[in-house]
Structures are given as structure tokens and as C-alpha cells.
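Enquirer: Next come a sequence and a model predicted from it.
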Amino acid sequence: AEPLYRRALAIQEKTLGADHADVGIRLNNLGMLVEHRGDSAAAEALYRRALRVLEKTLGPDHPETGTALNNLGGVLRDKGDYKGAEPLLRRALDVAVKALGPGHPRVAIHANNLASLLTAKGDYAASESLYRRALSVQEKALGTGHPDLAETLTGLGEVLAIKGDRKGAQALYRRALSIA
């Protein structure tokens, strides 16, 4: 798939120009592909370029810009650069809320990613609040049995376990397993 993505990107750059919104979206998608195969350095570079193009073409408050912010923040979080990741993930969440509304499923995705970072940083109160917010959005927008809830339930369960609420954590883990 990667060679085809790269070929499509080259064609788009040639026909549309390097600073076209479609090129930015393609760069972001290619970043996801290379991140999933384990090349976080290449993914980071692609996400940075995508973000630059999308901010320039679509503006700082467009949902696609928010997705690029989220993806770049996620790759930085995963490599332990919490200081670099946090403002990106916060901004991604803000963009999604403003552009799509507080009940949109993408808000839940961005809230989950920020909550994961805050858990890693040890800010359990803020993390729990974000996971609960994401869960509420997902349940209303997607239904109580949607597979996306499993990740949120697991993250929230982890926070509750860390805070000493083993019974609450166990209930969330069971619910996540029943969905997955």
C-alpha cells in the first residue's frame, strides 16, 4: 500500500502543487500508514509536513488540521515527548469541539488521546475526566456496544485502578471485553 500512497502523493503534488489541501490530507494518511508499520520518525516528518500544508490551506481551525495535530501529538506522546505532544493534543481537541461540535465522535478520539497522555504524565484526575467525556460522547453518538468504546473503557479502567478503585476498574474492563 505504501508505494501506491507515495505514487498518489507524487501525482497530487505535480498536478495540484505541494501546498494543496488534498496533498496535506494525503501526507497525513501516509503518516498513519508508516506509523502503523513502526516507522515513527518518518510518520512524524509526514505529520509535520501535513500540518504545515493544512494550516496554510484550510486554516488552523479546520477538522483536517485537527486530525493532523492529533496524529502528530500521538506520535510525540508515543516516543515520550510529552511536552511536545500536550499542546498539540489539546489544540486538536479544541479544534474538533469548535468545528464539529462537542458530541462528535472525533471529539471522543481526541479526548482519548489527550487522556492517554495525561495518564502517562500522572495527571489522573484530568485523565479520568477526559475519558469520561469521551465515553459519554461515544455512547450517545455510536451506541453502547460500539467497538470504539473498548479503548475508552480500558483507559478509564486503567486510571481507576491506579487511583485504587479496583472494583470500578474491573467493571470497566469486563465491559470492554464484552464489546471487543
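Expert: Perfect, I can see it now.

Enquirer: For the residue nearest to Ile162 when sequence neighbours are not counted, give its distance to Ala10.
Expert: The shortest distance from Ile162 to any non-neighbouring residue, by C-beta to C-beta, 6 or more residues apart in numbering, is to Tyr124 (5.9 Å). No exception for glycine: its C-beta is placed from N, CA and C like everyone else's. Relative to Ala10, Tyr124 is positioned 46 Å away (criterion: C-beta to C-beta, to the nearest Å).

Enquirer: And the two? Which one has more around it.
Expert: Tyr124 (16 against 11; other C-beta atoms under 10 Å).

Enquirer: ok, now which ones touch that one?
Expert: The neighbourhood of Tyr124, defined by C-beta atoms under 8 Å, 6 or more residues apart in numbering, consists of Leu118, Val159, Ile162, Lys163.

Enquirer: Who are the contact partners of the second one?
Expert: Val159 makes contact with Ala115, Thr119, Tyr124, Ser127, Glu128, Tyr131 under the criterion C-beta under 8 Å, 6+ apart.

Enquirer: Whichever strand or helix holds Ala42: which residues count as buried?
Expert: Using DSSP states H and E, Ala42 falls within helix 40-57. Neighbour counts over helix 40-57 (16 or more other C-beta atoms under 10 Å) mark 40, 42-47, 49-51, 53-55, 57 as buried.

Enquirer: which outside residues touch the helix-or-strand element of the chain with minimal mean pLDDT?
Expert: Least confident helix or strand of the chain, by mean pLDDT, DSSP states H and E, is helix 2-16 with a mean of 92. In this structure, residues lying in contact with helix 2-16 by C-beta under 8 Å, 6+ apart are His20, Asp22, Val23, Arg26, Leu27, Asn29, Leu30, Leu33, Val34, Arg37.
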